[in-house]
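Asker: how does the following fold in three dimensions:
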Amino acid sequence: MLLGLRLGKHVDGLVDSFYGPSELQQQVDAEDKRDAAQLAADADALTSALPDSWLADQVKGCATYAHVLAGEAISYSDEVEGCYGVRPRRVPASVYEEAHARLDELLPGDGSLFERRQAWRERHQCPGDKAAAVLNDLLPVLRACTNALLELPAGEQVSIDPVQDEPWWAFNYYEGALKSRVVLNTDVPTAGLDLLHLAGHEVYPGHHTEHAAKEQLLVREQGRIEEAIQLVPTPQAVLSEGIAEAGIDVVLDDAAKEKAYAIIRGHGIELDDPERAEQIAKVSEQLRTVGLDAALLVHEEGASVADAEAYVERWNLVTPDQARHSVRFVTDPTWRAYAITYSAGRDLCRAYIGGDPARFRTLLTEHVRIGDLLASVD
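Answerer: Next up is the predicted model:
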């Protein structure tokens, strides 16, 4: 915990959440900022002293980040693998070509594929000033589905706050005491169905559910205080993003979907063909690695930011502004390596779950290692 808090003094946002002993936070707050090279040495020593374990995986991620922070020459791929335990690789263009071909079938009509996809999104778009209200109305439906799989701890709470001018679409600030504050970037164009998936990702059965369940089961009941700090550059993030990406498909049945669709329509948002919308969303998942490709282009292949934006614009079928937003995320010093967590986490957690809700419950309640996830795809 001290190592993570000390690293957090160097980079705002590196500590995603901390609700551990207040005296540790006070101790670090009172210290001078510790040199990054010293933190790297401290992390290496701690890694060597720990047995092979979940905790050692997290410390290794911190050690890698500390070496990068100290200015050591580490390639982007080595940085990503050192932090997250998963090595990034460029996706062949043929994968994106196949996805485009399928979208072409799902979005018939005149104009380019980009124009047809944009027209589809605009027809189903939710105004930014309405998005928070839609999310709040969707949460009880998703909470009931999640609670049927895993009894949620008494007293867990969520608040939704709209924000602007951030490098991400939405973010869960877990505050401890079983409470989350979810912020939604209303600058990002959002369709009604996107909000259903967002609610699943950030709240039920995603980030909030995982953090609240583990705070209750691991911290409060078992005294495992290492769970009370979440750090951006660690394998824990891959698991969390995987849970958030894969979970809604586990808990949401057809009846709950119909309730959710009715809520979206009730806010005046068009949702005339939810089955096709779900197919479009599923195919579009294949494009989620475009941002990671852009990061590899910039950080390993020497491409310019403009070239990376053009790449994202082409393959992700987005506007120039959306492409800039995406590239801004993968060039942000805190978040640049994080791009791998979404697609890798999703694929690894889906493979681990294998259609078994009990396996998903394990992800929500236990410390599953990145190696356990990787073994599910071997």
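Asker: grab the nearest non-local neighbour of residue 207.
Answerer: What sits nearest to residue 207 in space, not counting adjacent residues and going by Cβ to Cβ, 6 or more residues apart in numbering, is residue 172, at 4.0 Å. C-beta coordinates here come from the backbone N, C-alpha and C atoms, glycine included.
Asker: can you tell me what sits against whichever strand or helix holds that neighbour?
Answerer: When secondary structure is defined by DSSP states H and E, residue 172 falls within strand 170-176. Among residues not part of strand 170-176, those counted as contacts by Cβ atoms under 8 Å, 6 or more residues apart in numbering are 16-19, 180-185, 198, 201-203, 206-208, 211-212, 215, 228, 230.
Asker: what's downstream of the helix-or-strand element of the chain with minimal mean pLDDT, the next helix or strand?
Answerer: Sorted by mean pLDDT, DSSP states H and E, the helices and strands of the chain end with strand 190-191, the least confident at a mean of 84. Read in the C-terminal direction, the helix or strand following strand 190-191 is helix 192-202, with elements assigned using DSSP H and E.
Asker: tell me how far that following helix lies from the chain's centre.
Answerer: Put simply, helix 192-202 sits 13 Å off its chain's centre (Cα atoms, centre = their mean, to the nearest Å).
Asker: can you check stretch 368-378 too?
Answerer: 18 Å.
Asker: residues near the residue nearest to residue 207, how many?
Answerer: Using other Cβ atoms under 10 Å, the number of residues around residue 172 comes to 23.
Asker: returning to that earlier point: relative to helix 192-202, how tilted is whichever helix or strand comes after the strand holding residue 172?
Answerer: Using DSSP H and E, the next helix or strand after strand 170-176 towards the C-terminus is strand 179-185. For strand 179-185 and helix 192-202, the angle between their directions (axes from the mean of the first three to the mean of the last three Cα atoms, to 10 degrees) works out to 150 degrees.
Asker: what residues of strand 179-185 count as buried?
Answerer: By neighbour count, with 16 or more other Cβ atoms under 10 Å as the criterion, the buried positions of strand 179-185 are 179, 180, 182, 183, 184, 185.
Asker: how about these in TSV, adding pLDDT and distance to residue 124?
Answerer: As requested, the buried residues of strand 179-185 are arranged in TSV below (pLDDT from 0 to 100; distance: Cβ to Cβ, whole Å):
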residue	pLDDT	distance to residue 124
179	98	32
180	97	27
182	94	22
183	92	23
184	88	17
185	84	18
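Asker: for these, give me CSV that also has distance to residue 219.
Answerer: Formatted as CSV, the buried residues of strand 179-185 follow (distance: Cβ to Cβ, whole Å):
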residue, distance to residue 219
179, 14
180, 15
182, 21
183, 24
184, 27
185, 30
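Asker: send the alpha carbons of stretch 27-47 over as CSV?
Answerer: Once non-C-alpha atoms are left out, stretch 27-47 reads as follows in CSV (Å, rounded to 0.1, in the frame of the first residue of the first chain):
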residue,chain,number,x,y,z
GLN,A,27,2.1,9.0,6.5
VAL,A,28,2.6,9.3,2.8
ASP,A,29,1.0,12.7,2.7
ALA,A,30,3.5,13.9,5.3
GLU,A,31,6.5,12.5,3.4
ASP,A,32,8.5,14.3,0.7
LYS,A,33,8.0,12.9,-2.7
ARG,A,34,10.2,9.8,-2.9
ASP,A,35,12.5,9.7,-6.0
ALA,A,36,11.2,7.4,-8.8
ALA,A,37,14.4,5.5,-9.0
GLN,A,38,14.2,4.7,-5.3
LEU,A,39,10.6,3.6,-5.7
ALA,A,40,11.7,1.3,-8.5
ALA,A,41,14.4,-0.2,-6.2
ASP,A,42,11.8,-0.5,-3.4
ALA,A,43,9.4,-2.3,-5.7
ASP,A,44,12.0,-4.7,-7.0
ALA,A,45,13.1,-5.6,-3.4
LEU,A,46,9.4,-6.1,-2.4
THR,A,47,8.8,-8.3,-5.5
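Asker: look up how far residue 230 lies from the spatially most central residue of the chain.
Answerer: Central residue of the chain (Cα atoms, centre = their mean): residue 241, 3.9 Å from the mean position. Using Cβ to Cβ, to the nearest Å, residue 241 is found at 12 Å from residue 230.
Asker: what do you get for residue 360?
Answerer: For residue 360, the distance to residue 230 under the criterion Cβ to Cβ works out to 20 Å.
Asker: so the helix or strand where residue 281 lies versus helix 192-202, what angle?
Answerer: Following DSSP H and E, one finds residue 281 within helix 274-284. Taking the same axes, to 10 degrees, one finds helix 274-284 and helix 192-202 inclined to each other by 60 degrees.
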